[in-house]
Every structure is written in C-alpha cells, then in structure tokens.
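Enquirer: Attaching a predicted model along with its sequence, questions to come.
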Amino acid sequence: MDVYATDEEQVEAIKKWWKENWRSIFGGVALGLGLVFGWRAWVAHTTGIGEQASVYFEQMANLMQTGQTELASQQAERLRSEFSATPYAVFAALAQAKMHLGKGDAGAAKASLEWALNTTDQEGMRHVIRLRLGRVLLQAGDVSAATGILPATVPSAFAGEYAELEGDIAVAKGEPAIARAAYARALQGGAGNKALIQMKLDDLPAELAPPSAGS
Amino acid sequence: MLQSIRDRAQGWIAWAIVILISIPFALWGIQEYLGGGSEPVAAEVNGFEITERDLDSEVQNFLREMRARLGKAFNPELFDEQKIRRQVLDSMIERQLINQASQDMGLQAGPALVRTTIASFPAFQKDGQFDKATYEQALRYQGYVAPGQFEERVRSSLISGQLQTAINGTALATEREVEQAVRLLHQQRDIAFLTVPVEQYIDAESVVGEDEIKKYYTANQEQFRTEERVRIEYLVLDAQTLGETIEPSEGELETFFSAHVDQFQQPEQRKASHILVSLDAGADAAAEQVATEKIDAAARRVRSGEDFALVAREVSEDPGSAQAGGDLGLFARGIMDPVFEEAVFAAEVGQVVGPVRSQFGLHLILVTEVQEGGSGELADVREEVVKAYRKNEAEKILYDYAERVADMAYEHPDSLEPIRDALALAVETSDWFGRAGGDGLLAAPKVVGAAFSEEVLVEGQNSDLIELSPERMLVLRVLEHEEAAVRALDEVRGEIVAELRLAHAKRAAQQEGQALLDRLQGGETLDAVASTSGYTLEEPGSIARSDRSAPQEVVRRAFTLPRPDGQTEYGGVQLPSGDYAIIALKTVQDGSLAGLEEPALDQQRSQIENTDGRAYFNELAQYLRAHAEVKIIQQ
C-alpha cells in the first residue's frame, strides 16, 4: 500500500480512484441487485407453480376417491403436461397407472409407472413404484421384464414385498422350490399381506414340478 | 489523526482484536440462527430437534386420550411411562421423517390451501362459519404464541398428507392378483382323516409320583390362581326405558309439534340445470352487451330444440356444473342466489326460463325435477312426533334424575335403597366378575374401574354416577369381594394327577399317529391303515377354509399341506383334546371368479389395494428411518 504524506493527498487519491472505478462499482451493485431480485422472482415463480399443482393434486385425489374417474384422469393429464417439473406430475402418473389398470389397460399402466420411476428422485418412492411396476408387468404377462425390476440390493424396509414379488415371479415361471423360499422370506421380512402369502405358500406343490394348470 | 489511526491499524494488535471479536460471532451466532438454545432435546432427526417439551406435550395428549377412553379404569400406574414415551417419540420421528421427505420432494401447500383447511376445522367455527376471534382464542388456549406457528404446522401436515395420499390413493390391485386371491380364499380341498383317540392311552390306575405332582404345581402356579373378583348391585338410568311409559296428551303433542315443525317437515326441493355466462355485478355496458348476446344465442339454440345438457357443456361458464350438462342437483330454498332461486321455484318442470341475472352473471335455467315438501299436518307424521316427544321428555327426566341420584348417592354413601325408593327404579345384582369385566353393561371399563376403585371396593361406598353414554348412566356398590389367591396343593392334587396322566397319553397318541403316517408314506393307503388299525375313517369330502364339518385343526392342517400332484399328500396334527388326526389330502379345487358376485370381487380388490397402500407407506417410513440420521438422547 502506498503511503501518503498528507490528508489532502489522500483525499486526492480517493477521488482519482473513484473516477477510474465508479462504473464498475455501479455495474457490480446493479448486477448484484439484479441477481438477488431475479433469484427471488424465480423462487416465487416456481413456488407459485408448485402451489398451483398442489391444489390440482388435491382435487384429483378427491375426484378419484369419489369415483369420478373421467374428471380425475383429465386432472392427472393436466398435472403431467402443465406441471411436469413438479413432484405432483409423478403422483399424477401413479394415479394414471391405477386408472389405466381399472380399465384393464396394463400396457398403459406400465408406461405411466415407468415414467414415474424414471422421473422421481425420491429413493424410497422409487421402491414403491418399482414394486407396483413389477406387479403390473406380471399382469401384462411379461415375466422376464418383471424379473428385471428386482433390484440388486434390496433395502430391508422393502425386503418382504420384494420377496413376495420374487415368489410370484417364480410361480409364473413354474419354479415352486424358488417360490417356496421366496414366500418364506416374505413372511419373515414383514410383507403387508401375511395371510395371503401364507396361502400362496401352502398352495405350492411339494416337489420340483410345474404347477398344475387346473384353476 | 487519520494518519495515526491508520498506522496502528496495520499492527498486529489490531489483527488480534479483530480475531478475538470474530470468535464469539462464529461460535455463538450460529446457534441463535438455528433457533436452538439450551432447551433439552429428546431426539435429533437429520438435524431437526424434537424437544423434550414437545415430547412431553404429545405424551400428555396420548394419556389424556387414554383417560377419556377408559374413564375410571384408567390407571396411570398400569402404563409403563418409559415405554409410552418411546412409542410416542417413535411416532413423532416417523412424522418428522415423512415431513422432511415431503419437503425435499418439493411438495407445497400454498396460503390459499392452508386457509381453506383451517377454515374447515369445526373448532374454529362459529355458527358453521370460520370465525377469526374463535380461531385466535382456540390457538391461545392451545398454547400457540402466534397464528403463524399453527399455520406452519397445518402446512407441514398438509404436505405430509399429500405424500400419504399419493401412495394410498394410487394403490393397485391387478386382475391377476384378485383372481389369485379368490382362487386361494375359495379353494376347496378333498380330504379324509382318521383319529387316534387319546382316551385309550389314559390309565386311571397308573401311579403318579409325589415329586412329579409337586414339580407340576410349582411350575404352573398361574394355572391355579383365582383372580380377584366382585359381585355388585347397581341401578341404571336409561333414557329409553324412562321414555317408554310417557303418553303425551293431544294438547302436549300439538304444542310440541308446532314448536318443532321444521324438524318434521321436508322442505320442497328442486333439481335444476343452468347455463351461465359470467358477468360481474359492476360490469360496464360493453361487457353486458357481449354477455347478453352470448346467453341469447344459447337461449335460441335451446328453445329451438337442442339438448340443454349439450349446449350447457359447450357454452356454460360455470366450472362446477358445465361438464355435468349444467346439472346442479337437488336443492331447497335458501341455498342459491335469491334471484336464481326465485326463477327456479317459479318455473314448471321441463320449462326453460331466463335469462335472469344473479350476482354471478346471466343464467338460463331448466328445472328437471320437483320433490314436494311434507304436508305440514300432524296426523301424517304423528308416530315420529310421539317418538321425538318421548325422547325429549325422557332426556329431561334423565337429567333431573341424574342430579338427584348423584346427590343421594353422596348423601347416603352406604346404600342404594334411598335412591331406589325415591325414584322407583329397580336395583339389579350382578354375578361375580373380575377386572376383565362382567356381562353387558358391566363390561364397560368405566364400570369395572369404579367397582375396583378405592372408595367403592375398600371403603364400601356408592360409586359416582357413571355416564356410559349421554342416554345411559349407572351407579353401583360392591356386595362381595374376593381377593386373588393361589389354590392350595391339596385342593388341586386331583386335577394335577389327571393332567399328568393326560400328558402321558397325548405323547402316546402322537407316537401312534407318527407310526401310522410312516406307513402311509411308505405306500399303504388310508383305507388299509384304517381297517388294520381299527380307527374310524371320516370322509368330509370337499371342504372350504371355513368348514366346520371337521375339527378346526384338521381343516387348518389340510390347507397347509402341499398341493398334491397326482399322488395323495399326508399330514398329522394333534387336537387340543389330545386326539391325533391323520389327514389325507386327495385333490384341490380352486375357487373361481365365475361363481362370485360383483360385490365380493370388489371387496377382494379393495382389500388388496388397502394392503398395498398401507404396507407400502409404512415401509417407506421405515426406509426413510433407515436412511436418516436419527439420534435419540436418553434422559
């Protein structure tokens, strides 16, 4: 730093410095303010969109619950197309899957679930979607795709459900021994519907043999 | 002067001062921002603190709920405080985790949604309308400092609720799963079984050693324990019984009827459709012109014979009804805009009226249905009026009696007789019952709690007046009381000997059963085994899971045997009596969708959906917990 002899000299130096630099100072301040306000406006904008989507989602859920499927699916379509960047679009896709399935369209249900699975970044939610997708694939008769759904490492919270799905896949493939082991793990791992899993387990033939076709 | 300050400011002293000053800012400043402080913390969930104070108040809420449910039977000592705290804390942690996940996903609840949610809470309403003063008062009472705090809470519970709805409300049941459930639930299995009776192995002469008896007695004390029990007398106040004998005179009935005429009269209701063209009350002439032209065009189309519903769907600007062809459903007077209502109630069914102008705009209206109201004559609704009169009078009597009973029970704490005599009510006597409760009314936890309370049981006083429901109350006193005890060895010796002989016989029956099973597995048929062993073969044929034609254990075991694939499957099971059953499963017939009614299918479907929704959501919570940093701080 330079050393000034007197206060006058110092004042002179400051003036000079100001003359050279005022543009960049104002520019910097303006840029800073611009950034701050711009950011705030952006946040307000996305918040507004999210809040709007939230209201539409509540409406959709109500419509579904009261059985007004036609209107509910319109609302879901709107969430998917106009609010695709919000989490509500994922929820809407889940709802669409349910409604497609209700109409017997497993293919469309599968497409909705796949989109939801690829879109959401909530890991726990992905497991929920994956389990549903696996079940829908079985419904569609695509056993090998259903097998591909099973994750390499299963988190313990969902272990029971995945084991049940594994059992269902094994039954579809005609592998009772594998199904037996999977259902036993499902019962241990705390799957939701214990009574039904026990029945599935008890229904398996004793030895390694294809399941009887009679139903 | 500036010069000297500047000189010094460059020295190391200045730097030291700056550093010293910044240290406290760095360390203590942060905590202020986090809103923490010295409050004790019960748990940390991903850095969010659940304070001891919050936990305490949740625990208190929980206990209050239990108390409200159980009445006098609520005994805080029966609850393991530590365990309850832990349970409540766990559920708070779970709530917090779900909330954080909803937050992270970017779920939002805007001010409008929060506002309508709050306005819909009955606790904040006055005369069915949201009332700000009531709201603020209720919040203060609940200990909220500022409304903002409560609103924040509503907001976060709204978004948590959305996450739950997103999973529960979209739960699936595939047709395949429904079919499978039906196939399994309604499955029938064709079985035969024979029973090895335990009786043949019971040797009434065999000697049982004294050591063995003593050992059994000491090992099974619980079995010989008699529970504490009481016998009570009690007196019931029941509005229905009190009302039965009331016969109103004609005059009383008429007075009552005219005072409550609304209650017995169905108002006239009408069903209408409309086409709306919005027009604000303060709209200018130009806007009015445009709107009028639009509604007139619609009127022309409808009057020239076009379907009202179709035109409504196309033209109407009422978002609530346009899709439904303008249909507004049934409504009585006093609900719709007055101008609109006047037009509806003046029109004939099937007649298109309008346009009329309400506060919403211009309407074209079609009345589709008229439901006449009641006649307003007493004779038509006489029975109902008598019933309501009785109920009303009985409530008055009950209220009066309740006060007198409470007074008398207190004034004469050692007898129910004064009450019986004064009110001409019957005193009833109960059978013995323990803390698990008696029959009927006496099963209520409040009754049991009162009967075993200090004042009633030990001091022999009348109980307070116990309110079982608003229409039914009861006062009681204990007649006899027996302490819990363990029966003496000599008293139960006979039972023990029989028990030991039976246990021996059970083992023998099981061995015999196993031997027979080995023979069956070796290739002999059940018929052959039955005829050589002499045990009776029973053949119930095809049975369902709920079948009662064979013992329950046999049915259950038959349904856990592997599905036969050509061959017959065998299995054994011991019945509670000690008999041992050998079961042969021949064939399985699956349940079929064909024989099932639609409601039964729907029920199956929604059961699978419920499991999906509930289980997946719980598992999501568990997953979040496993992946969260949860620290529980032991106090």
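Expert: Nice, thanks for sending it over.

Enquirer: C-alpha from now on. contacts and neighbour counts both.
Expert: Fine.

Enquirer: Phi, psi for the residue of the stretch 251-400 of chain B found nearest chain A please.
Expert: Per C-alpha to the nearest C-alpha, B:Gln323 is where the stretch 251-400 of chain B lies closest to chain A, at 8.9 Å. Main-chain torsions, B:Gln323, degrees, to the nearest 10: phi -60, psi -30.

Enquirer: which SSE is the closest residue to B:Leu620 other than its chain neighbours in?
Expert: In space, and not counting its chain neighbours, B:Leu620 is closest to A:Gly124: 5.6 Å by C-alpha to C-alpha, 6 or more residues apart in numbering or on different chains. Per DSSP states H and E, A:Gly124 falls inside helix A:123-140.

Enquirer: Now that helix: average pLDDT?
Expert: Here helix A:123-140 scores 95 as its mean pLDDT.

Enquirer: Next: stretch B:292-306.
Expert: Per-residue scores along stretch B:292-306 average to 85.

Enquirer: Same question for stretch B:339-346.
Expert: 85.

Enquirer: who's in contact with it?
Expert: B:270, B:272, B:333-334, B:353-354, B:356-358, B:363, B:365-367 (C-alpha atoms under 8 Å, 6 or more residues apart in numbering or on different chains).

Enquirer: Using PDB, write down the CA coordinates of that stretch.
Expert: Output in PDB follows, covering the C-alpha atoms of stretch B:339-346 (Å, rounded to 0.1, in the frame of the first residue of the first chain):
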ATOM      1  CA  VAL B 339     -82.800 -14.100  -8.000                       C
ATOM      2  CA  PHE B 340     -81.800 -17.500  -9.300                       C
ATOM      3  CA  GLU B 341     -83.800 -19.300  -6.600                       C
ATOM      4  CA  GLU B 342     -86.900 -17.200  -7.400                       C
ATOM      5  CA  ALA B 343     -86.700 -18.200 -11.000                       C
ATOM      6  CA  VAL B 344     -86.200 -21.900 -10.200                       C
ATOM      7  CA  PHE B 345     -89.100 -22.100  -7.800                       C
ATOM      8  CA  ALA B 346     -91.500 -20.300 -10.100                       C
END
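
Enquirer: can you pull the buried residues of that stretch?
Expert: Residues B:340-341, B:343-345 are the ones in stretch B:339-346 that count as buried (16 or more other C-alpha atoms under 10 Å in any protein chain shown).

Enquirer: contacts for stretch A:132-150?
Expert: A:106-107, A:109-110, A:113-114, A:130-131, A:162, A:165-166, A:169, A:172-173, B:172, B:174-176.

Enquirer: Mark which of these are part of helices, please.
Expert: A:106-107, A:109-110, A:113-114, A:130-131, A:162, A:165-166, A:169, A:172-173, B:175-176 (DSSP state H).

Enquirer: Report the residue spans of chain B with pLDDT below the cut-off.
Expert: B:1-2, B:4-11, B:24-38, B:71-79, B:145, B:374-376, B:635 (pLDDT under 70).

Enquirer: what helix or strand does the most centrally placed residue in it sit in?
Expert: When C-alpha atoms, centre = their mean is applied to chain B, the residue found nearest the centroid is B:Arg69 (13.2 Å). Using DSSP H and E, B:Arg69 sits within helix B:52-70.

Enquirer: does B:Ala503 belong to a helix or a strand, and which?
Expert: For B:Ala503, the host element (DSSP H and E) is helix B:489-521.

Enquirer: residues of that helix that come out buried?
Expert: In helix B:489-521, counting by 16+ other C-alpha under 10 Å, buried: B:489, B:496-497, B:500-510, B:513-514, B:516-517, B:520.

Enquirer: If we check chain A, which of the residues you listed are in contact?
Expert: Among these, no residue lies close to chain A (C-alpha under 8 Å from any C-alpha of the partner chain).

Enquirer: thinking again about what came up before, counting contacts, what elements does the following helix or strand past the helix holding B:Ala503 pack onto?
Expert: Moving toward the C-terminus from helix B:489-521, the next helix or strand (DSSP H and E) is helix B:526-533. The criterion is 3 or more C-alpha pairs under 8 Å, 6 or more residues apart in numbering or on different chains; DSSP states H and E, and the helices and strands that helix B:526-533 contacts are helix B:489-521.

Enquirer: Run through who's touching the helix holding B:Arg69.
Expert: Under C-alpha under 8 Å, 6+ apart, the answer for helix B:52-70 is B:39-42, B:74, B:84-85, B:88-89, B:445-446.
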